[in-house]
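Visitor: give me a 3D structure for the following:
(chains A and B)
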Protein chains: 2
Amino acid sequence: MRIVALAGGIGGARFLRGLLAAVGPQDEITVIGNTGDDIHLYGLKVCPDLDTVMYTLGGGIHEEQGWGRTDETWSIKAEMKEYGVGPEWFGLGDRDFATHLVRSQMLTAGYSLSQVTEALCVRWKPGVRLLPMSDDRVETHVRITDEQGTRAVHFQEYWVRLHAEVDAEAIVPVGADTAKPAPGVLEAIAEADVILFPPSNPVVSIGTILAVPGIREAVAAAPAPVVGLSPIIGGAPVRGMADKVLAAVGVEATAEAVALDYGPALVDGWLVDTVDEASVAAVEAAGIACRAVPLLMTDVEATAEMARAALALAEQVRK
Amino acid sequence: MRIVALAGGIGGARFLRGLLAAVGPQDEITVIGNTGDDIHLYGLKVCPDLDTVMYTLGGGIHEEQGWGRTDETWSIKAEMKEYGVGPEWFGLGDRDFATHLVRSQMLTAGYSLSQVTEALCVRWKPGVRLLPMSDDRVETHVRITDEQGTRAVHFQEYWVRLHAEVDAEAIVPVGADTAKPAPGVLEAIAEADVILFPPSNPVVSIGTILAVPGIREAVAAAPAPVVGLSPIIGGAPVRGMADKVLAAVGVEATAEAVALDYGPALVDGWLVDTVDEASVAAVEAAGIACRAVPLLMTDVEATAEMARAALALAEQVRK
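Guide: Now for the predicted structure:
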């Protein structure tokens, strides 16, 4: 079976680990990774979501933290502070830096982000084919108003430095309108047997991927069933601050509202957590098959069970 | 007193530390640093000699090693090995990487190497004004013949990977012929009260600095006395493999031969070690004032004593 999953960072990566545990060796998983949270730091190209997927599936992730490397050292960060070179709020460990150095050197040499990602995965062997959503630069900016006035900040600054504590007024994936899907992305979607939306952030992860012209259309047109898993449980994001960016796009932070925002033209099936069982009827009424199952990714086996439920729902809605 | 010193890496840096201990707070030292051993690694600009001077005088050097940082970690090197990205033979620690990242980012932003070096020295406070010999790219290459045939390798490859174990057939400072002295270099030489050649490598350190058009001429024309310290003691380099590169330029590895190679048109005074006292007469016969004093930089005080001897000789030869 050919499975395509759109994925952001931590939530997406953890779901994929469960998915890998749920499928067989003959199944092929293609992951279309969000690159809208990419950022240029210290002259290097940093791709947090791609790396989180790569490190998580490749066994190099810092488990408790969810991002960055295990056995990390922080010498460069300490030195940057001595040099007075920021940003101090973004945590790049030394091992992580190595990835960004290799990536940046290859990009400078003329390789595309897809090619670089493939090369990095030669080491990490994530067990999936990891494609960036686009080889073109897309950078999600967030409009905020604070004591400095109304301005746009990079998503990472909003998320990491400001902890999403100030309201997001608009989310703009700068560059998305002219970006092209990376090689293989549209083909993978068209040829998929199942398309999954992991419980990643619907706005700044899945939403950004869908904002690349051609991808939303390809998913909508794909013959494969499309099944999503709610990142909202009991009216709050399981992890992260998805409610803040949902508010910016006028979507309530509920499992039901996120499903309806994707809409029946895009998703055929939707999984909500058992605590949100009451919303199943409303989602189904909107034309999206819906089931309530435990959606907490407490460990790999619990996550694999979620993946099995998603694949089972896909079979039920397959035309 | 305004002192100008031409300096390579470890030997030059250690001498400068002694010089700083020997002079008073009213004395101004300008160091013209060799950049011919600069190398581009992992997309970053690495300046080993400038950094060795900066770290040594700024208190950040790895003392036993003579290069690199104290309290260093090696996570990036380990990661590069996992990625299969070389060169494995060049040791860049994580703290050291931070310097190269800051430098490279500033260079990419359009700052000159002089400006970058000045900015890095804001942190390191080396107690001297550190100028690169040139803001233009100069890279010393070494012609060798080995099982792969006759070819040119980067100086660092010759020195660090090959340990100078194969004969150097020629030393070529690629780019030197069109390089311009960095801002301030010629002025410092012209306005100096004393010019010193520390016991740095006469070919690939001092020689490369002098190969930048205008610098040799400025030193020869300077009103200040020029005094050098022999890097060769008892027919062998004190440290490093200067004999291998001296052979490439047809100069015997003796304190006397190095003095005569610089020649009386360039240097007015020359210090040899006490074990080379027998060569004093021959150097003086060539028109260079010569003294035999202990030249082993065993500690800062012994090195300061060498600096005092050099400054005393400068006074004796001052016209």
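Visitor: could you list the domains of chain A?
Guide: Chain A is divided into the following domains under automatic domain parsing: A:2-38+A:50-55+A:112-135+A:181-317, A:139-177.
Visitor: ranking these by burial, who's on top?
Guide: Among the domains of chain A, domain A:2-38+A:50-55+A:112-135+A:181-317 has the highest mean neighbour count (mean count of other C-beta atoms under 10 Å in any protein chain shown), at a mean of 21. C-beta here means a position set from N, CA and C on the backbone, and glycine is covered the same way.
Visitor: span of it from start to end?
Guide: The first residue of domain A:2-38+A:50-55+A:112-135+A:181-317 is 17 Å away from its last residue (C-alpha to C-alpha, to the nearest Å).
Visitor: export the domains of chain A to a markdown table and tack on distance to B:R14?
Guide: Shown next, in a markdown table, are these (distance: least, C-beta to C-beta, whole Å):
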| stretch | distance to B:R14 |
| --- | --- |
| domain A:2-38+A:50-55+A:112-135+A:181-317 | 40 |
| domain A:139-177 | 43 |
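Visitor: which one, of those, ends up nearest to chain B?
Guide: Closest approach to chain B among the domains of chain A (C-beta to the nearest C-beta): domain A:2-38+A:50-55+A:112-135+A:181-317, 5.4 Å.
Visitor: how far is the closest one from where the chain is centred?
Guide: Offset of domain A:2-38+A:50-55+A:112-135+A:181-317 from its chain centre (C-alpha atoms, centre = their mean, to the nearest Å): 7 Å.
Visitor: what do you get for stretch A:137-151?
Guide: Relative to its chain's centre, stretch A:137-151 lies at 21 Å (C-alpha atoms, centre = their mean).
Visitor: can you list the residues of chain A near chain B?
Guide: Applying C-beta under 8 Å from any C-beta of the partner chain, one finds that chain A approaches chain B through A:42-44, A:72-73, A:75-76, A:78-80, A:82-85, A:93-95, A:97-99, A:101-102, A:104-105, A:108, A:120, A:122-123.
Visitor: out of those, which sit inside helices?
Guide: If you go by DSSP state H, these have A:75-76, A:78-80, A:82-83, A:94-95, A:97-99, A:101-102, A:104-105, A:108, A:120, A:122-123 in helices.
Visitor: show me which of those are buried.
Guide: Taking 16 or more other C-beta atoms under 10 Å in any protein chain shown as the criterion, what is buried in those is A:75-76, A:79-80, A:83, A:94-95, A:97-99, A:101-102, A:104-105, A:120, A:123.
Visitor: state the pLDDT value of the nearest residue to A:Y262 once chain neighbours are set aside.
Guide: Distances taken as C-beta to C-beta, 6 or more residues apart in numbering or on different chains place A:G228 nearest to A:Y262, at 6.2 Å, with adjacent residues excluded. Looking at A:G228, its pLDDT stands at 98.
Visitor: need phi/psi at A:G228.
Guide: In terms of degrees, to the nearest 10, the main-chain angles of A:G228 are phi -110, psi 160.
Visitor: ok, now A:E165?
Guide: Dihedral angles of A:E165 (phi, psi; degrees, to the nearest 10) stand at phi -80, psi -20.
Visitor: show me where the stretch 101-250 of chain A has helices.
Guide: With helices called from DSSP state H, counting those that start in this stretch, the stretch 101-250 of chain A shows them at A:113-124, A:155-156, A:185-191, A:206-211, A:215-221, A:242-248.
Visitor: quick check: mean pLDDT of the fourth one?
Guide: If I follow you right, that is helix A:206-211. On average, helix A:206-211 scores 97.
Visitor: now swap in the second one and tell me
Guide: Per-residue pLDDT values over helix A:155-156 give a mean of 95.
Visitor: which other residues reach stretch A:181-196?
Guide: A:1-6, A:19, A:30, A:32, A:112-114, A:129, A:131-135, A:212-215, A:218-219, A:221-229, A:307, A:310-311, A:314 (C-beta atoms under 8 Å, 6 or more residues apart in numbering or on different chains).
Visitor: so which of the residues you listed sit within strands?
Guide: Of the contacts of stretch A:181-196, the ones assigned to strands by DSSP state E are A:2-6, A:30, A:32, A:129, A:131-132, A:226-229.
Visitor: return the member of those residues nearest to B:V251.
Guide: For these, the closest approach to B:V251 (C-beta to C-beta) belongs to A:P132, at 55.8 Å.
Visitor: would you confirm that that closest one contacts A:G33?
Guide: Yes: using C-beta atoms under 8 Å, A:P132 is in contact with A:G33, at 5.5 Å.
Visitor: joint contacts of these two?
Guide: By C-beta under 8 Å, 6+ apart, A:P132 and A:G33 have these common neighbours: A:C47, A:L50, A:T117.
Visitor: got a markdown table for those residues, with pLDDT too?
Guide: A markdown table is the format used below for the shared contacts of A:P132 and A:G33 (pLDDT from 0 to 100):
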| residue | pLDDT |
| --- | --- |
| A:C47 | 98 |
| A:L50 | 98 |
| A:T117 | 98 |
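Visitor: closest one to A:V166 out of the residues you listed, please.
Guide: Nearest to A:V166 among the shared contacts of A:P132 and A:G33 is A:C47, at 25.4 Å by C-beta to C-beta.
Visitor: what's the closest non-adjacent residue to that closest one?
Guide: Take A:C47 and drop its neighbours on the chain: the residue closest to it by C-beta to C-beta, 6+ apart is A:D38, 4.9 Å away.
Visitor: correct me, but A:L131 touches A:S114?
Guide: Yes: assessed by C-beta under 8 Å, A:L131 is found in contact with A:S114 at 6.2 Å.
Visitor: for the closest residue to A:T208 other than its chain neighbours, list the residues it contacts.
Guide: Computed as C-beta to C-beta, 6+ apart, the closest residue to A:T208 that is not its neighbour in sequence is A:G36, at 3.5 Å. By C-beta under 8 Å, 6+ apart, A:G36 lies in contact with A:M133, A:V138, A:E139, A:T140, A:F155, A:P173, A:A176, A:V204, A:S205, A:T208, A:I209, A:A211.
Visitor: distance of the fourth one from A:A211?
Guide: So the one you mean is A:T140. To A:A211, A:T140 is 9 Å away according to C-beta to C-beta, to the nearest Å.
Visitor: next: the first one.
Guide: Between A:M133 and A:A211 the distance is 9 Å, computed by C-beta to C-beta.
Visitor: so what does the top helix by length along chain A touch, helix or strand wise?
Guide: The longest helix of chain A (DSSP H) is helix A:300-317. Secondary-structure packing of helix A:300-317 (3 or more C-beta pairs under 8 Å, 6 or more residues apart in numbering or on different chains; DSSP states H and E): helix A:10-22, strand A:194-197, strand A:226-229, strand A:269-272, strand A:289-292.
Visitor: what is the nearest of the contacts of A:G36 to B:A255?
Guide: A:E139 (60.7 Å).
Visitor: and the nearest residue to that closest one once chain neighbours are set aside, what does it touch?
Guide: Spatial nearest neighbour of A:E139, excluding adjacent residues (C-beta to C-beta, 6+ apart): A:V174 at 4.9 Å. A:V174 makes contacts with A:V138, A:E139, A:T140, A:H141, as judged by C-beta under 8 Å, 6+ apart.
Visitor: can you list these in CSV and add pLDDT and distance to A:A259?
Guide: Shown next, in CSV, are the contacts of A:V174 (pLDDT from 0 to 100; distance: C-beta to C-beta, whole Å):
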residue, pLDDT, distance to A:A259
A:V138, 97, 25
A:E139, 96, 28
A:T140, 96, 22
A:H141, 97, 27
